[in-house]
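*Asks:* need a structure here:
(one chain, ligands or ions: 3)
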Amino acid sequence: MPDFKHYAPPATGKPISLQDGKLNVPDHPIIPFIEGDGTGPDIWRASQRVFDAAVEKAYGGKRKIAWYEVYAGEKAFNKYNEWLPEDTLKALTEYIVSIKGPLTTPVGGGIRSLNVALRQELDLYVCLRPVRYFQGVPSPVRHPEQVDMVIFRENSEDIYAGVEWAEGTPEVKKVIDFLQKEMGVKKIRFPETSGIGIKPVSREGTERLVRAAINYAIQHNRKSVTLVHKGNIMKFTEGAFKNWGYELAEREFRDQAFTWVEYDRIKEAQGTDAANKAQADAQAAGKIIVKDVIADAFLQQILTRPAEYDVIATLNLNGDYVSDALAAQVGGIGIAPGANINYVSGHAVFEATHGTAPKYAGLDKVNPGSVILSGVMMLEHLGWQEAADLITSAIEKSIEQKVVTYDFARLMEGATEVKCSEFGDQIIKNM
Ligand SMILES: NC(=O)C1=CN([C@@H]2O[C@H](COP(=O)(O)OP(=O)(O)OC[C@H]3O[C@@H](n4cnc5c(N)ncnc54)[C@H](OP(=O)(O)O)[C@@H]3O)[C@@H](O)[C@H]2O)C=CC1
Ligand SMILES: O=C(O)CCC(=O)C(=O)O
Ligand SMILES: [Mg+2]
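*Replies:* Numbering: from 1, shown residues only. Ligands and ions are numbered 1, 2, ... in the order given. Sure thing, here's the model as predicted:
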């Protein structure tokens, strides 16, 4: 066990370990959690009670999570004068699986994102965000039930990595001088008053993300993986992402996938009918269709033809936008779960798609559904499927009963609006 300076793990639990690439989960696993800022504490209180009740009900006391509170964000700063204490990083590393609430990131200055920092520190290269519809949830579209997508958002690169220099600093002047004088760049429109951001996208980063997405599609009997990119404009980053993705699919998944590159090759050689037949045969044989779409077109097609999309593999910033857009389409960010995963080291930090929603902080008001469903993903990851299923069906039932938090209540006819904690109670009652 590492040497913890401020906060030690509970004596009652045992660590999760990784053996031959598989998680070894004891009956009383130590699971670190970060409560989060803003609405985080309200949401966490409701969520933890739901997780404990489901595990108790599913396993009758044989299994129990040994929760280990670790600190980040405002609570860490107030207690230890650090935004992301070393103990927290050690705990998330040592205990492999953890869960967190949202953390504040100031806009345009101050600390960089702690959420991104955690992903970078643990090299959690996949941000996995499944988006499905729960019957009865108010939605702004006519057929929300057609949305059943799983987003694989690259989590370690892109403009999101935070390689940038502020306008007016000596650093940005140095970068602009280098670009203009040594690289012959003439296209910076206002060089004296520009900030500069860098967008790194690598073959390695792309391949591990796309590999994870295709493996997921195979394991979960999905039909397609779509590479979403803006490669027509950003040719060597987003365009390369598309090319590398296709190359990987053809090289590593020859027998399990059929790509649109292959489709084009057949079309060129034998015509459209032959290409269509090859694709239909591949589909009938259960192969995953690997295709691509430009990001702006994707954003309109998820509204008009969502049934055409299944597993999505995309870059970091696109994935951020797409996650919120799809969440809204199935009724909002209040039930949008997620996980940050490194499939090689086994490390996983589960977290909601939404942020701290600061205007609701401390009001016991917001929907805890996103963190609760992130916990469902975590229980599934541990292999505790029975507990996960109890929670999912209890959420379905609560929504069916129209006992919901403000976000759904304001759009649902005949709903009973309950507080964040009461929604947790309702889920527990419905288990
Ligand atoms: N992973 C993380 O920790 C993330 C952190 N953030 C951070 O969170 C802070 C606030 O970001 P902001 O842009 O306001 O985005 P938020 O996602 O926090 O909130 C935007 C809106 O989404 C709705 N919403 C959010 N959470 C819930 C919930 N649990 N239940 C119901 N509705 C919800 C509310 O809508 P309405 O107003 O309609 O009621 C809210 O005003 C920023 O510092 C940002 O950087 C943002 C995203 C992820
Ligand atoms: O880190 C943040 O503050 C924002 C992150 C975010 O929006 C996301 O990961 O979806
Ligand atoms: Mg986001």
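*Asks:* Tell me if I am right that Asn340 is in a strand.
*Replies:* Yes - counting by DSSP: H, G, I helix; E, B strand; the rest coil, Asn340 is part of a strand.
*Asks:* Give me the distance between it and Arg305.
*Replies:* Per Cβ to Cβ, to the nearest Å, Asn340 is found 29 Å from Arg305. Where C-beta positions appear, they are placed from N, C-alpha and C, glycine not excepted.
*Asks:* The two: which has the busier surroundings?
*Replies:* Asn340 (26 against 10; other Cβ atoms under 10 Å).
*Asks:* and that one, what does it touch?
*Replies:* 118-119, 122, 124, 126-128, 155, 348-351 (Cβ atoms under 8 Å, 6 or more residues apart in numbering).
*Asks:* Out of those residues, which are close to ligand 1?
*Replies:* Glu351 (Cβ under 6 Å from any ligand atom).
*Asks:* Just name the closest of the contacts of Asn340 to ligand 1, please.
*Replies:* Glu351 (5.2 Å; Cβ to the nearest ligand atom).
*Asks:* Derive a ChimeraX selection command for the buried subset of the contacts of Asn340.
*Replies:* Selection of buried members from the contacts of Asn340 for ChimeraX, criterion 16 or more other Cβ atoms under 10 Å:
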select :118,119,122,124,126,127,128,155,348,349,350,351
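*Asks:* In helices, which of the contacts of Asn340 appear?
*Replies:* 118-119 (DSSP state H).
*Asks:* Make CSV out of the contacts of Asn340 and add pLDDT.
*Replies:* Output for the contacts of Asn340, formatted as CSV (pLDDT from 0 to 100):
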residue, pLDDT
Leu118, 95
Arg119, 96
Leu122, 96
Leu124, 98
Val126, 98
Cys127, 98
Leu128, 98
Asn155, 97
Ala348, 98
Val349, 98
Phe350, 98
Glu351, 97
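*Asks:* What's the first helix or strand after the lengthiest helix in the chain?
*Replies:* Identified as the longest helix of the chain according to DSSP H is helix 40-59. The helix or strand immediately downstream of helix 40-59 is strand 66-69, counting by DSSP states H and E.
*Asks:* so how far is that following strand from its chain's centroid?
*Replies:* Distance of strand 66-69 from the chain centroid (Cα atoms, centre = their mean, to the nearest Å) equals 22 Å.
*Asks:* Then stretch 61-77?
*Replies:* On Cα atoms, centre = their mean, the centre of stretch 61-77 falls 20 Å from that of its chain.
*Asks:* Which one of the contacts of Asn340 is nearest to ligand 2?
*Replies:* Closest to ligand 2, out of all of the contacts of Asn340 and judged by Cβ to the nearest ligand atom, is Cys127, at 6.6 Å.
*Asks:* That closest one is in contact with Val322, isn't it?
*Replies:* No - between Cys127 and Val322 there is no contact under Cβ atoms under 8 Å: 10.8 Å.
*Asks:* any common contacting residues for the two?
*Replies:* Taking Cβ under 8 Å, 6+ apart as the contact rule, the neighbours common to Cys127 and Val322 are 151, 153.
*Asks:* what residues does the stretch 251-400 of the chain put near ligand 1?
*Replies:* Going by Cβ under 6 Å from any ligand atom, the residues of the stretch 251-400 of the chain near ligand 1 are 333-334, 351, 354-358, 366-367, 370.
*Asks:* ranges for the strands of the stretch 51-200 of the chain?
*Replies:* In the stretch 51-200 of the chain, the strands defined using DSSP state E, counting those that start in this stretch lie at 66-69, 97-100, 126-132, 148-154, 164-165, 196-197.
*Asks:* Can you add distance to Thr416 and give those back as TSV?
*Replies:* Listed next are the strands of the stretch 51-200 of the chain as TSV, based on distance: least, Cβ to Cβ, whole Å:
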stretch	distance to Thr416
strand 66-69	30
strand 97-100	28
strand 126-132	24
strand 148-154	28
strand 164-165	47
strand 196-197	47
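*Asks:* I'd like to know which of those is closest to Trp260.
*Replies:* strand 148-154 (17.7 Å; Cβ to Cβ).
*Asks:* relative orientation of that closest one and strand 126-132 in degrees?
*Replies:* With axes from the mean of the first three to the mean of the last three Cα atoms, to 10 degrees defining the directions, strand 148-154 sits at 160 degrees from strand 126-132.
*Asks:* Can you tell me which helices and strands strand 148-154 packs against?
*Replies:* strand 126-132, helix 203-219, strand 311-314, helix 316-329 (3 or more Cβ pairs under 8 Å, 6 or more residues apart in numbering; DSSP states H and E).
*Asks:* quick one: strands adjacent to it?
*Replies:* strand 126-132 (antiparallel), strand 311-314 (parallel) (DSSP bridges).
*Asks:* Of the ones you listed, which stretch is the most buried?
*Replies:* Of all the strands paired with strand 148-154, strand 311-314 has the most neighbours on average by mean count of other Cβ atoms under 10 Å, namely a mean of 28.
*Asks:* any idea of the mean pLDDT for that one?
*Replies:* The average pLDDT for strand 311-314 rounds to 98.
*Asks:* roughly how far is it from the heart of the chain?
*Replies:* On Cα atoms, centre = their mean, the centre of strand 311-314 falls 11 Å from the chain's centre.
*Asks:* For this structure, what lies in contact range of ligand 2?
*Replies:* Checking the chain against ligand 2 by Cβ under 6 Å from any ligand atom, the hits are 105, 113, 115-116, 320, 323, 353, 355.
*Asks:* Which of those lies at the shortest distance from ligand 1?
*Replies:* Ligand 1 lies nearest to Gly355 out of those, by Cβ to the nearest ligand atom, at 2.2 Å.
*Asks:* Tell me how many other residues crowd the closest one.
*Replies:* Residues near Gly355, counting by other Cβ under 10 Å: 19.
*Asks:* now do the one 10 residues further on
*Replies:* Other residues lying near Lys365 total 20 when counted by other Cβ under 10 Å.
*Asks:* do Glu422 as well
*Replies:* 16.
*Asks:* Quick check: which helices or strands does the one helix or strand Ile302 maps to pack against?
*Replies:* Assigned by DSSP H and E, Ile302 falls within helix 295-304. On a contact count with 3+ Cβ pairs under 8 Å, 6+ apart, helix 295-304 meets strand 224-229, helix 316-329.
*Asks:* looking at these, which is buried most?
*Replies:* Comparing the helices and strands packed on helix 295-304 by mean count of other Cβ under 10 Å gives strand 224-229 as most buried, with a mean of 26.
*Asks:* Just checking: what are the partner strands of that strand?
*Replies:* Using DSSP bridges, the strands paired with strand 224-229 are strand 288-294 (parallel), strand 311-314 (parallel).
*Asks:* closest one to Pro85 among those?
*Replies:* With Cβ to Cβ as the criterion, Pro85 lies closest to strand 311-314 of these, at 32.4 Å.
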